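Below are the sequence and a predicted model; questions follow.
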Amino acid sequence: MGTLQDWNGYRDALIDRVGDFARLSPDVLRGLNTIEGSAGRTGRLEPKIHEIIALAVGQARLASRREV
């Protein structure tokens, strides 16, 4: 897997599609929310992994609200 050269472009493209994903798979989005919440409670995930999950869930929430 190569390195990500254009983080801002990737983030913008991802944000544009999260709302589509949330509409097509709301149960998966709820599952991601559950994972994000449990990461902090169990202490099983390294802090960086927890932050990545939190960012993804946060972006998904924002995108799904914009699409309504």
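On my side now, so go ahead.

CA only for contacts and neighbour counts going forward, please
Fine.

Please identify the helix or strand for Ala56.
helix 47-67 (DSSP states H and E).

Identify the residues contacting Ala60.
Ile15, Val18, Gly19, Ala22, Leu29 (C-alpha atoms under 8 Å, 6 or more residues apart in numbering).

Need the pLDDT of the fourth one.
Here, the pLDDT recorded for Ala22 equals 81.

Tell me how many other residues surround it.
19 (other C-alpha atoms under 10 Å).

Leu32: what's it in contact with?
Contacts of Leu32 by C-alpha under 8 Å, 6+ apart are Ile53, Val57.

Now the helix or strand hosting it: buried residues?
Using DSSP H and E, Leu32 maps to helix 26-42. By 16 or more other C-alpha atoms under 10 Å, the buried positions in helix 26-42 come out as Leu29, Leu32, Asn33, Glu36, Ala39.

on that earlier part again, JSON lines please, covering the contacts of Ala60 and showing distance to Asp6.
Shown next, in JSON lines, are the contacts of Ala60 (distance: C-alpha to C-alpha, whole Å):
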{"residue": "Ile15", "distance to Asp6": "14"}
{"residue": "Val18", "distance to Asp6": "18"}
{"residue": "Gly19", "distance to Asp6": "21"}
{"residue": "Ala22", "distance to Asp6": "24"}
{"residue": "Leu29", "distance to Asp6": "25"}
